[in-house]
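In: coordinates for the following, if possible.
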Amino acid sequence: MSIHGTNDELKSKVMHWWNNYPFTYFVKEEIGSWAFFRNVDRKIFKWCPWAHDGYPLFSKFVPYKELAGKKVLDIGCGTGWSTEQFARMGAKVSAIDLTEKAIELTKKRFALYHLDADIRVGDAERIPYPDETFDYVFVWGVLMHTPNTEGAVREIFRGLKPGGRAAAMMYNKNSLHWRWFIWFGKGIVRGQLLTHSAQEVTNRYTDGAEIGGNMLTKFYTPAELRRLWSVFPKVSVATYDNPDILDVFPHRLLPLGRLLPRGLKQWLANRFGLSAWIGAEKLGKLL
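Out: Residues are numbered from 1 along each chain as shown. As a prediction, this is how the structure comes out:
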């Protein structure tokens, strides 16, 4: 997919939308305050119990000890929660985001905690660093909101050193969230698909649903994600979610999922989870 012409126009809309409506995890404290940043971290901790038992966040998946002194790129830093984890664990971290607002927030977070990182505006489709710069690339979300996702994956590959690894979260199309709540619930039951495309309905009922939706959100099946990341010789895809998603299944007014045993809820949440976790490795000497 080209990143020129109409894609550039869409990219501009995506950028302006996220700059105006940065994702703050529904934290109510003053944006940019100490309490704001700490409560963002608490939300991540609560929403993704599958990813960590404690701090640093995502410690079950990210090899922090191996990354001390290594060059790490955090794509789509947002409020800076992930960038902070790498910096505190001793990595030489760089962070980029498409929006000025995210860069402002991440720099403010780092100033509050006297941490250091190279934080700058940057596009995942045009990563502003030379070939083979990084040992590790982390991407939380982001890639499903950019027009040329395949191009962004190629850019990640380009920016990694031989033996480098990438980790990314993208949205699972086989999830309850998309198959049941969006496609069936909004598209079929409420008739949205009669007047709107599946992509338009998806945009409307994912990030920013409370304010009318965002400009672009893409979902992929695990098989599609493996193909999307196939520029890497080694790719793994697994799905995860918080078991509390079953508490509103099949509907918030008929929450039968709450009656299920916790272990079964966790299995179902992972099997049909929203978060697809991608691990990818570039051939060469390992970290």
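In: let me know the secondary structure of residue 167.
Out: Of the three states, residue 167 takes strand under DSSP: H, G, I helix; E, B strand; the rest coil.
In: I'd say it and residue 275 touch.
Out: No. Residue 167 is not in contact with residue 275 according to CB atoms under 8 Å; the separation is 11.9 Å. C-beta: built from backbone N, CA, C; applies to glycine.
In: those two - which one has more neighbours?
Out: More neighbours surround residue 275 than the other of residue 167 and residue 275, with 23 against 18 (other CB atoms under 10 Å).
In: quick one: contacts for the more buried one?
Out: Going by CB atoms under 8 Å, 6 or more residues apart in numbering, residue 275 touches 48, 50, 169, 171-172, 239-241.
In: phi, psi for it please.
Out: Note on residue 275: backbone dihedrals following degrees, to the nearest 10 are phi -90, psi 120.
In: just to revisit the earlier point, could I get the contacts of residue 275 as CSV with neighbour count?
Out: CSV is the format used below for the contacts of residue 275 (neighbours: other CB atoms under 10 Å):
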residue, neighbour count
48, 20
50, 20
169, 22
171, 23
172, 27
239, 20
240, 21
241, 25
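In: from these, which land in helices?
Out: Among the contacts of residue 275, DSSP state H puts none in helices.
In: and which of those is nearest to residue 201?
Out: residue 171 (14.0 Å; CB to CB).
In: now the closest one, nearest residue through space, not along the chain?
Out: residue 219 (4.6 Å; CB to CB, 6 or more residues apart in numbering).
In: gap between the one you found and residue 254?
Out: 25 Å (CB to CB, to the nearest Å).
In: relative to the whole chain's centre, how far out is the strand or helix carrying residue 224?
Out: Assessed by DSSP states H and E, residue 224 sits inside helix 222-228. Computed by CA atoms, centre = their mean, to the nearest Å, the chain-centroid distance of helix 222-228 equals 16 Å.
In: which parts of that helix are buried?
Out: 224-226, 228 (16 or more other CB atoms under 10 Å).
In: and stretch 269-282, by the same measure?
Out: Buried, per 16+ other CB under 10 Å, within stretch 269-282: 269-270, 272-282.
In: which parts of the stretch 151-287 of the chain are strands?
Out: Using DSSP state E, counting those that start in this stretch, the strands found in the stretch 151-287 of the chain span residues 160-172, 219-220, 234-240, 275-281.
In: I'd like those strands as JSON lines, with distance to residue 9 and mean pLDDT appended.
Out: Converted to JSON lines, the strands of the stretch 151-287 of the chain look like this (distance: least, CB to CB, whole Å; pLDDT from 0 to 100):
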{"stretch": "strand 160-172", "distance to residue 9": "23", "mean pLDDT": "98"}
{"stretch": "strand 219-220", "distance to residue 9": "22", "mean pLDDT": "98"}
{"stretch": "strand 234-240", "distance to residue 9": "31", "mean pLDDT": "98"}
{"stretch": "strand 275-281", "distance to residue 9": "28", "mean pLDDT": "98"}
